[in-house]
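Participant: Predicted coordinates and the sequence they were generated for:
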Amino acid sequence: MVFTTAAGTIVDPRNMLRVVEVAAKAAGIEDVGAHTLRHSAAVGLLEGGAHIKAVADILGHSSIAITGHIYGHTSDDAARSALDNLGAGLS
């Protein structure tokens with residue numbers, strides 16, 4: 001469970017969505033929902049160096065191909081870092 005109540009039980013998805021929408025509106029961000037949190041977490045995990053299999057397991061995907069296809073894009077910083085690491089390894 002990612003989101004729990006104060007009593008430790010599962011948060012009703014409608015309540016979670018309402019909280020996300022209210023917070024996004026207060027921050028002046030449009031079109032944010034629960035899936036945005038999932039996407040941000042997945043990309044953050046991958047760009048933070050988590051193994052793709054671990055991320056696939058966390059997300060409940062049956063295959064790393066699904067995870068890679070949906071969340072495998074990289075930011076400019078992540079791509080630059082990967083190339084820097086490759087260059088360092090070849091030096």
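Facilitator: Arrived safely. Numbering: from 1, shown residues only.
Participant: contacts and neighbour counts: CA atoms only from here.
Facilitator: Fine.
Participant: CA-only coordinates of the one helix or strand residue 19 maps to, as CSV, when you get a sec.
Facilitator: Under the criterion of DSSP states H and E, residue 19 resides in helix 13-26. What follows is helix 13-26, C-alpha atoms only, in CSV (Å, rounded to 0.1, in the frame of the first residue of the first chain):
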residue,chain,number,x,y,z
PRO,A,13,-9.4,5.7,-4.4
ARG,A,14,-12.1,8.4,-4.7
ASN,A,15,-10.8,10.2,-1.6
MET,A,16,-7.2,10.0,-2.9
LEU,A,17,-8.2,11.4,-6.2
ARG,A,18,-10.0,14.2,-4.5
VAL,A,19,-7.0,15.1,-2.4
VAL,A,20,-4.7,15.0,-5.5
GLU,A,21,-7.1,17.2,-7.5
VAL,A,22,-7.4,19.8,-4.7
ALA,A,23,-3.6,19.9,-4.2
ALA,A,24,-3.0,20.3,-7.9
LYS,A,25,-5.6,23.1,-8.2
ALA,A,26,-4.0,24.9,-5.2
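Participant: Show me what it is packed against.
Facilitator: helix 34-47 (3 or more C-alpha pairs under 8 Å, 6 or more residues apart in numbering; DSSP states H and E).
Participant: I'd like the average pLDDT over the helix it packs on.
Facilitator: Mean pLDDT, helix 34-47: 86.
Participant: could you give the angle of the helix holding residue 19 to helix 34-47?
Facilitator: Computed with axes from the mean of the first three to the mean of the last three C-alpha atoms, to 10 degrees, the direction of helix 13-26 lies at 80 degrees from that of helix 34-47.
Participant: First-to-last residue distance for stretch 68-85?
Facilitator: 20 Å (C-alpha to C-alpha, to the nearest Å).
Participant: From residue 5, how far off is residue 15?
Facilitator: 10 Å.
Participant: Give the residue spans of the protein that score low on pLDDT.
Facilitator: 1, 74 (pLDDT under 70).
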